[in-house]
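Student: here you go, sequence then predicted model.
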Amino acid sequence: MTTVAGTPAPASIAARLERLPHSRWHVKVRCLIGAVTFFEAFDQLLAASALPVLTEQWQLSTGQATFAVVSASVGILFGALAAGWLGDRVGRVRTVALGVGITGLAGLAVALSDGIGTFSLFRFVQGIGIGGVVPVAATYINEIARSDDRGRFVLLYEMIFPAGLAAATLLAVHVVPAYGWRAMFLVGALPVVLAAALPRHVQESPRWLLSRGRTAEAEAAVARIEAEVVRATARDLPAPAPSPDPPDRPRGSLADLFRGRYLRRTAVLSGLWFVAYYVNHGISAWLPSLYTREFGLDLTTALVYTLLSNVTGLLGTFVLAMLIDRVGRRPALVGAFVGTVLPLTVLAFAGAASGGQVALFASCTTFFLYMINAGLYLYSPELYPTSNRARGVAFGGLWNRCGVILGPVAVGAVIGAGGGLAVVFAQFAAVAAAGAVIAWFAVETKGMTLEELNT
């Protein structure tokens, strides 16, 4: 058997990664990073699942309930900004491991909270960890994927995130009524174990190592990956296309996101992130409480209805994974935004008369919303060079967090002012329609390597 030592030269790091067949190595890495992402998603939605109980237990006003929901989102905003810098400076894997550790330890502190003040404080810290993990993990997965099926590869990994959201709701259905909300946060602290294991079992991104001028380490990392793939497939690797590595770039900076062609990319991406998460989190954060407050449903029924929305979102992500490498990024995003507008419009004008109707059309909405959210975690890293990729994704994450914060605040403001559900859903439909217009100006990236898109 020909070994990886016979790799012809010159072959770029990217070309050597591009020629790797799908193998157990890809599955292993996707599962390890996916486990991290699963728990980050799980932790992100815990406040929404616990909110109906907390509101009654601590006699929370609408303002305090809103504060409890958005505190983690504010932390995620700061975490995303810090992670963009760290991910491009100290590495993808180390940054993810650090974020996981912060998330888990803060989860333990949340479980011990004795009031809304300490609860919100530690949710803020937990949010910093979540914000540090999700964008950098998505960046890493993009950097090890082949260009011809990068959409499917990344989005099948991204299904872990809605699975974590669904798991949080499913567990809440059984755990919160029986054991209280604190038990949920204890479960959410489990990823602390992953923080120590991750750097030992996942190779650092060779593309990142090369961008930092650490060529020998990049070569060694690729060689180890190639050796694992050869062992897993028991076949010779195809020869990589002869191509030199790209010339050294200056170290990336935040200002680079607003220069030349990247200005348009950053502007479009920021708008898409804001709109998608304004609508998504504005709905998901309040759904359990809306079911109990507006329609008098019991907690278990409210959580089951919320679970239905998360399951349809998971299905939407899977459908997108199967289609996006064929239809392209821009058509998929435009179509998903249009699909989001339609059920929201129905809810605004005809379908918010009962909890069951809201559950039905909200589930149709999340089918398309989760398509958008997962698609953006694929699309964002494609738009930036390796030296600035995590920073670019994290900047998109900043607008993501602005949407996450303002969406629930808008719902709380409407409800607090005595507005009806029709107003809530009408404004979400209008914002989603704006997202469809923004998506029309997105740059297409289908089938191109990360280097081709950024040279």
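Tutor: Good, I have the coordinates.
Student: any regions of the stretch 301-450 of the chain where pLDDT drops low?
Tutor: Along the stretch 301-450 of the chain, segments meeting pLDDT under 70 span 351.
Student: if we go to 90?
Tutor: Within the stretch 301-450 of the chain, the segments meeting pLDDT under 90 span 301-311, 313-314, 347-363, 387, 393-426, 447, 449.
Student: so which residues of it form helices?
Tutor: With helices called from DSSP state H, counting those that start in this stretch, the stretch 301-450 of the chain shows them at 329-349, 355-382, 389-416, 421-439, 450-453.
Student: compare the ones you listed and give me the one nearest residue 75.
Tutor: Smallest distance to residue 75 across those (Cβ to Cβ): 8.8 Å, for helix 389-416. In this view, the C-beta of every residue, glycine as well, is placed from N, C-alpha and C.
Student: what residues of the closest one count as buried?
Tutor: By neighbour count on 16 or more other Cβ atoms under 10 Å, the buried set for helix 389-416 is 389-412, 414-415.
Student: how many neighbours does the nearest residue to residue 266 once chain neighbours are set aside have?
Tutor: Nearest residue to residue 266, sequence neighbours excluded (Cβ to Cβ, 6 or more residues apart in numbering): residue 257, at 4.6 Å. Other residues near residue 257 come to 22 when the count uses other Cβ atoms under 10 Å.
Student: surely residue 257 touches residue 391?
Tutor: Yes - counting by Cβ atoms under 8 Å, residue 391 is a contact partner of residue 257 at 7.1 Å.
Student: thinking again about what came up before, want to throw the helices of the stretch 301-450 of the chain into CSV with distance to residue 269?
Tutor: What follows is the helices of the stretch 301-450 of the chain, written out as CSV (distance: least, Cβ to Cβ, whole Å):
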stretch, distance to residue 269
helix 329-349, 11
helix 355-382, 6
helix 389-416, 5
helix 421-439, 9
helix 450-453, 13
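Student: and those helices: which comes nearest residue 200?
Tutor: Closest of these to residue 200 is helix 389-416, at 21.3 Å (criterion: Cβ to Cβ).
Student: show me what that closest one packs onto, helices and strands only.
Tutor: If contacts are counted by 3 or more Cβ pairs under 8 Å, 6 or more residues apart in numbering; DSSP states H and E, helix 389-416 sits against helix 62-89, helix 116-143, helix 261-284, helix 355-382, helix 421-439.
Student: tell me which of these lies nearest to residue 223.
Tutor: Smallest distance to residue 223 across the helices and strands packed on helix 389-416 (Cβ to Cβ): 16.7 Å, for helix 116-143.
Student: how far is that closest one from where the chain is centred?
Tutor: Relative to its chain's centre, helix 116-143 lies at 10 Å (Cα atoms, centre = their mean, to the nearest Å).
Student: between it and helix 389-416, how big is the angle?
Tutor: Relative orientation of helix 116-143 and helix 389-416, computed by axes from the mean of the first three to the mean of the last three Cα atoms, to 10 degrees: 140 degrees.
Student: buried residues, helix 116-143. List them.
Tutor: 116, 119-143.
Student: so how far is residue 15 from residue 146?
Tutor: Noted for residue 146: a distance of 11 Å to residue 15, by Cβ to Cβ, to the nearest Å.
Student: who has more neighbours out of the two?
Tutor: It is residue 15, of residue 146 and residue 15, that has more neighbours when counted by other Cβ under 10 Å, with 19 against 16.
Student: surely that one is in contact with residue 240?
Tutor: Yes - counting by Cβ under 8 Å, residue 15 does reach residue 240; the two are 3.9 Å apart.
Student: and the contacts of stretch 22-39?
Tutor: Contacts with stretch 22-39, where a contact means Cβ atoms under 8 Å, 6 or more residues apart in numbering, come from 20, 96, 100, 103-104, 133-134, 137, 140-141, 144, 153, 156-158, 160-161, 163-164, 167, 188, 190-191, 194, 197-198, 201-203, 225, 228-229, 232-233.
Student: I'd like the mean pLDDT over it, please.
Tutor: Per-residue pLDDT values across stretch 22-39 average out to 83.
Student: for that stretch, buried residues please.
Tutor: For stretch 22-39, burial by neighbour count (16+ other Cβ under 10 Å) applies to 23, 25-26, 29-30, 32-39.
Student: distance from it to the middle of the chain?
Tutor: 15 Å.
Student: equivalent analysis for stretch 290-297, please.
Tutor: Distance of stretch 290-297 from the chain centroid (Cα atoms, centre = their mean) equals 29 Å.
Student: likewise for stretch 131-149?
Tutor: Relative to its chain's centre, stretch 131-149 lies at 10 Å (Cα atoms, centre = their mean).
Student: in PDB, list the C-alpha atoms belonging to it.
Tutor: Only the C-alpha atoms of stretch 131-149 are listed here, as PDB (Å, rounded to 0.1, in the frame of the first residue of the first chain):
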ATOM      1  CA  GLY A 131     -20.700  32.500  22.000                       C
ATOM      2  CA  GLY A 132     -17.100  31.300  22.000                       C
ATOM      3  CA  VAL A 133     -17.900  27.800  20.800                       C
ATOM      4  CA  VAL A 134     -20.500  27.900  18.100                       C
ATOM      5  CA  PRO A 135     -18.900  30.200  15.500                       C
ATOM      6  CA  VAL A 136     -15.400  28.800  15.900                       C
ATOM      7  CA  ALA A 137     -16.600  25.200  15.700                       C
ATOM      8  CA  ALA A 138     -18.500  26.000  12.500                       C
ATOM      9  CA  THR A 139     -15.300  27.600  11.100                       C
ATOM     10  CA  TYR A 140     -13.300  24.400  11.900                       C
ATOM     11  CA  ILE A 141     -15.800  22.100  10.300                       C
ATOM     12  CA  ASN A 142     -15.700  24.200   7.100                       C
ATOM     13  CA  GLU A 143     -12.000  24.100   7.000                       C
ATOM     14  CA  ILE A 144     -11.800  20.300   6.900                       C
ATOM     15  CA  ALA A 145     -14.600  19.800   4.400                       C
ATOM     16  CA  ARG A 146     -14.200  19.200   0.700                       C
ATOM     17  CA  SER A 147     -15.500  21.900  -1.600                       C
ATOM     18  CA  ASP A 148     -17.700  19.500  -3.700                       C
ATOM     19  CA  ASP A 149     -19.900  18.400  -0.800                       C
END
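Student: I am finished for the moment; much appreciated.
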